[in-house]
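# With the sequence up front, the predicted model follows.
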Amino acid sequence: MTMRTELTILGSIPEATERSKNDMKFSTELGQWVLTPIGIWPLQSNFVARIFSSSLVIVCTFLICFLLVPCGLHTFIDEKDPRLKMKMIGPLSFCLMAITKYVFLVVRKNRIRNCLRHVNVDWCRVNRPDDRDIMLESAKIGRFVASLCAAFMYGGGFFYHTIMPISAGSFVTPDNMTMRILTYSVYDPLFSAQSSPSYEIVFIIQWFSGFVMYSITIGSCTLAAVFVLHACGQLKIIMARLDAFVDSQKVQNVLENKMAEIIELHLRALGFIMQVEDILNEVCLIEFIGCTLNICFLGYYFMTEFERADTIATITYCVLLVSFTFNIFIFCCIGEMLTQQGKKVGFTAYMVKWYKLPAKNARNLILLIAMSNYPRSITAGKMAELSYNSFCSVHILLNYLHCVKNSNGLFESFKNSRIIIFS
């Protein structure tokens, strides 16, 4: 039996085993939990599943618009107090971020399905214990990142949509009208939300709308973490194959078959990274810029509420501030990990004992090293790579100082601040 027949042919799709199904579930389970309720997770391609998924998309879009439209009309038409108007611009920007990301994810659902199939095929093709261990390690990191993101975002959302309005209670206006606090104000000419049961209905709908928006943010972060960490695992497998390349028997056809397998694995990993980049680059741009703006707003809200000694509001804004900062960091962190792993492939190829190989086989490593000098990465709108440098370029502290200096108005703070988004 030749070495070629012993190798797994990359163009074929082996039968899924119970182990591969469990591994695939372990890798993508959290993403499925978050994305299925909002209609993004690709379901089986049958009529009932398509109708169900489309219905979820319609419901989720309605819920986001239920926040965005009435609150936007109230903020820019009905509200006269500049301080209260400023306080609603931040939540409105988050709504706009959420619906924009949601549209991109819905439109690219088929591409997400293709990436999931790619991941599933990689799990089915694992036939070496060491390779499976590498992939499981990457999957564990992806689950950990997704869990942290969900904990921060759902925690901040619970404070903002539940604890804050309940703890605020009600107040009496100068016109002797009792007003109850809603998370998002509504435009009175559309409907009144102060009398019962209108208040309770609006409060519940806004709560579910918040759940949808935070699920969109968590879902995009989870997709990025799962796909990018899976790609990093594939690159680690390539490096493991390179380490064992020279140790194989010095038979010409064996070396050629091993090199062919390494090249095919590398090309497959690069193709997968390109698919992920094509799906997520606009989402990453919206997330990166939107979270930066929301951090600015939250810094302002945090300072003003702190001066008013509102403990619940201060804690809520502090949690949300950490959540948005963490979101930016996660996208930049996984982008940095992918870039570094791509460079390590070339470094590993150079560090093997290539000088012990026949000249013909040693030359085959040159192209691999050259390709690794320009590794694929995740970008924000194809304008900047997501990396630690990009994260450090967001001058959060400088923006906070301007917010404190100009606490009477955030517009003036934005005009004078210098927020460098991209390096």
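Okay, I see it.
# what distance separates the start and the end of stretch 301-313?
Using Cα to Cα, to the nearest Å, the end-to-end distance of stretch 301-313 comes to 9 Å.
# Tell me how many other residues crowd G290.
Other residues near G290 number 21, with proximity taken as other Cβ atoms under 10 Å. Where you see a C-beta, it was placed from the backbone N, CA and C, and this is true even at glycine.
# cool, and W41?
Around W41 there are 21 other residues, counting by other Cβ under 10 Å.
# ok, which stretches of the protein are helices?
3-6, 18-35, 47-73, 82-107, 109-125, 129-158, 164-168, 198-243, 252-307, 311-351, 359-372, 388-392, 396-405, 410-416 (DSSP state H).
# ok now the longest one, how far from the chain's centre?
I take that to be helix 252-307. Between the centre of helix 252-307 and the centre of its chain there are 8 Å (Cα atoms, centre = their mean, to the nearest Å).
# what angle do that helix and helix 311-351 make?
Counting by axes from the mean of the first three to the mean of the last three Cα atoms, to 10 degrees, helix 252-307 lies at 160 degrees to helix 311-351.
# relative to helix 198-243, how tilted is helix 252-307?
150 degrees.
# Where does the prediction get shaky in the stretch 201-350 of the chain?
247-254, 306-310 (pLDDT under 70).
# and with 90 instead?
201-204, 206, 240-264, 287-329, 332, 342, 346-350 (pLDDT under 90).
# Please work out which of the helices of the chain is packed deepest.
helix 198-243 (a mean of 22; mean count of other Cβ atoms under 10 Å).
# Now do that helix: which elements does it pack against?
helix 18-35, helix 47-73, helix 82-107, helix 109-125, helix 129-158, helix 252-307, helix 311-351 (3 or more Cβ pairs under 8 Å, 6 or more residues apart in numbering; DSSP states H and E).
# for those helices, which one sits closest to I166?
Minimum separation from I166 across those (Cβ to Cβ) falls at helix 311-351, 9.2 Å.
# F66 versus F203, what's the distance?
12 Å (Cβ to Cβ, to the nearest Å).
# And Y355, by the same measure?
67 Å.
# just to revisit the earlier point, make a markdown table out of the helices of the chain and add distance to I378.
Putting the helices of the chain into a markdown table (distance: least, Cβ to Cβ, whole Å) gives the following:
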| stretch | distance to I378 |
| --- | --- |
| helix 3-6 | 35 |
| helix 18-35 | 16 |
| helix 47-73 | 25 |
| helix 82-107 | 15 |
| helix 109-125 | 13 |
| helix 129-158 | 14 |
| helix 164-168 | 34 |
| helix 198-243 | 6 |
| helix 252-307 | 6 |
| helix 311-351 | 4 |
| helix 359-372 | 17 |
| helix 388-392 | 11 |
| helix 396-405 | 21 |
| helix 410-416 | 28 |
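# OK, contacts around H230?
H230 makes contacts with S27, V119, D122, M135, S138, A139, G142, F272, as judged by Cβ atoms under 8 Å, 6 or more residues apart in numbering.
# Hmm, the fifth one is touching L229, no?
Spelled out, that is S138. Yes: proximity of S138 to L229 meets the contact threshold set by Cβ atoms under 8 Å, at 4.5 Å.
# P358 versus the residue nearest in space to the middle of the chain, what's the distance?
Centroid-nearest residue in the chain, with Cα atoms, centre = their mean: C221, separated by 1.7 Å. According to Cβ to Cβ, C221 stands 47 Å off from P358.
# Excluding residues flanking it in the chain, which one is nearest Y214?
G157 (4.3 Å; Cβ to Cβ, 6 or more residues apart in numbering).
# ugh, typo on my part, it should be F203
Using Cβ to Cβ, 6+ apart and skipping the chain neighbours, the partner closest in space to F203 is L182 (6.4 Å).
# What pLDDT does the model give the residue nearest to W354 when sequence neighbours are not counted?
Nearest non-adjacent residue to W354, counting by Cβ to Cβ, 6+ apart: A362, 4.6 Å away. We have a pLDDT of 79 for A362.
# picking that back up, my guess is the residue nearest to F203 contacts P165. True?
Yes: between L182 and P165 there is a contact at 6.2 Å, judged by Cβ under 8 Å.
# any residues in contact with both of those two?
Jointly contacting L182 and P165 under the rule Cβ under 8 Å, 6+ apart are F203.
# how much space is there between the residue nearest to L280 when sequence neighbours are not counted and T28?
Of all residues not flanking L280 in the chain, A224 sits nearest, at 5.6 Å (Cβ to Cβ, 6+ apart). Applying Cβ to Cβ, the value for A224 to T28 is 13 Å.
# hang on, the residue nearest to Y214 packs against I216?
No: using Cβ under 8 Å, G157 makes no contact with I216, being 11.3 Å away.
# how much space between the residue nearest to Y214 and F329?
Per Cβ to Cβ, G157 is found 19 Å from F329.
# go on, V319?
15 Å.
# now do Q32
In terms of Cβ to Cβ, Q32 sits 24 Å off from F329.
# Check L84 too.
For L84, the distance to F329 - Cβ to Cβ - is 31 Å.
# you'd agree the residue nearest to the centre of the chain is up against S147?
No: counting by Cβ under 8 Å, C221 stays clear of S147, with 10.8 Å between them.
# coming back round to it: among the helices of the chain, which comes closest to T379?
Of the helices of the chain, nearest to T379 by Cβ to Cβ is helix 252-307, at 5.2 Å.
# who's in contact with Y388?
For Y388, the contact set (Cβ under 8 Å, 6+ apart) comprises C332, C333, E336.
# no no, L320
G156, F159, Y160, N294, L298.
# what's the distance between it and N327?
The separation that L320 has from N327, given Cβ to Cβ, amounts to 11 Å.
# And P129, by the same measure?
The gap separating P129 from N327 is 36 Å, by Cβ to Cβ.
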